[in-house]
Every structure is written in C-alpha cells, then in structure tokens.
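Asker: one predicted model, sequence on top.
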Amino acid sequence: MLSDQQLVRRVAAEDEDAFRDLYDRYADRVFRYGLTLLRNRHLAEEAAQEAMIAVWKSARRFEGRSKVSTWVFGIARNKALDLIRREKRGDRVPDVSLVTPDPAPTLRKQELVQHALGELPESQREVVFLTFYEGLSYGEISGILGIPEGTVKSRMFHAKRRLAEVLS
C-alpha cells in the first residue's frame with residue numbers, strides 16, 4: 001500500500017489509479033468535514049467533489065511541507081467557504097432542514113453528542129471535528145484554519161466546556 005505522499009506524487013504525474021486510491025482514502029472524510037462546516041448534505045457533497053477535483057489539479061504544487069491530510073483538508077475548507085460565499089451572493093442561505101440523519105441506526109449517546117456538537121458555534125465545531133474525528137494536531141489545525149495554535153486551543157477549551165454543559 002502506497003503512502004499518501006507517494007500517491008500525491010503519482011497523482012501529480014496524472015496517474016488516475018493513484019488518484020482513485022487517494023480519492024477512496026479522503027472523499028468520505030472530506031464530505032464529513034464539509035457537512036460539519038456547511039450543515040447541508042447537498043452542499044457538503046458539492047464541496048467534497050470540488051475539493052477532490054482541486055486535489056487532482058493541484059497535486060503538482062504540493063511541496064510536502066505538511067501532511068497530505070492537512071493539505072487536503074485545507075483545500076476542502078476553502079471549497080466549503082467558497083460555497084458559503086456563493087450562497088450569500090445568491091441571497092440564498094443553506095437550508096439546514098435538508099440535512100438528513102445518517103441512515104444507519106445510531107445509539108442514543110451518539111445522537112446526544114451530535115446534538116451537542118450542533119449547539120457549538122461553527123468555529124468550535126470545526127476544531128472539535130478536526131481534532132477528534134480526523135485526529136489532527138493543534139498545529140495541523142492551525143495551518144488548515146490559518147489561525148494561531150493558541151486560538152485553536154482556546155476554541156477547543158470553550159467547545160469542551162460547552163459540550164460538558166449540554167451533555168450533563
């Protein structure tokens with residue numbers, strides 16, 4: 001199995017099989033991240049597709065100064081923010097009612113956690129997602145969001161405190 005770095009090098013050489021492998025590793029994760037940011041399944045799917053297309057097109061510019069996951073999530077974040085801007089320019093607000101629950105049966109605890117996450121401000125929800133669901137370090141999240149690491153820590157502190165209040 002090739003590493004992410006090796007796959008990106010092959011994608012940069014326009015190896016479609018390598019891109020398919022990279023897509024399989026990241027597309028679902030990028031979609032979940034988009035859903036966290038956009039709170040709309042349709043927009044999250046669109047952002048994920050745009051992000052993966054951008055990965056294909058920009059693989060040659062990846063310099064390897066960060067982990068591939070940090071680079072991919074940075075692209076995904078930018079695509080989600082682009083969609084938000086487009087929605088605002090069109091005087092349309094994403095319809096949160098279109099967010100449908102995961103079709104798989106869920107446990108009550110998972111439902112409570114999802115509800116609690118929905119109560120967080122977007123900036124805190126994003127940090128929680130990248131930390132706990134994607135396993136990124138505060139430094140990596142700082143790079144993706146373009147904010148100081150201390151701000152990431154502060155957002156996480158406030159998010160944990162708010163989650164504890166909602167879940168208790």
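Answerer: Right, received. Where do you want to start?
Asker: convert the C-alpha atoms of the lowest-mean-pLDDT helix or strand in the chain to PDB, please.
Answerer: Averaged element by element with mean pLDDT, DSSP states H and E, the chain has its least confident helix or strand at helix 108-118 (a mean of 76). The C-alpha trace of helix 108-118 is given here as PDB (Å, rounded to 0.1, in the frame of the first residue of the first chain):
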ATOM      1  CA  ARG A 108     -28.800   7.400  21.800                       C
ATOM      2  CA  LYS A 109     -25.400   8.500  23.100                       C
ATOM      3  CA  GLN A 110     -24.200   9.300  19.500                       C
ATOM      4  CA  GLU A 111     -27.400  11.200  18.900                       C
ATOM      5  CA  LEU A 112     -26.800  13.300  22.000                       C
ATOM      6  CA  VAL A 113     -23.200  14.000  21.000                       C
ATOM      7  CA  GLN A 114     -24.300  15.100  17.500                       C
ATOM      8  CA  HIS A 115     -27.000  17.300  19.000                       C
ATOM      9  CA  ALA A 116     -24.400  18.800  21.400                       C
ATOM     10  CA  LEU A 117     -22.000  19.400  18.500                       C
ATOM     11  CA  GLY A 118     -24.800  21.200  16.700                       C
END
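Asker: got the buried residues for that helix?
Answerer: Residues of helix 108-118 classed as buried under the neighbour-count rule (16 or more other C-beta atoms under 10 Å) are 113, 116-117. From N, CA and C alone the C-beta is placed, and that goes for glycine too.
Asker: of the residues you listed, which is the nearest to residue 167?
Answerer: Of all those, residue 167 sits closest to residue 116, with 5.3 Å by C-beta to C-beta.
Asker: quick check: that closest one touching residue 167?
Answerer: Yes. Using C-beta atoms under 8 Å, residue 116 is in contact with residue 167, at 5.3 Å.
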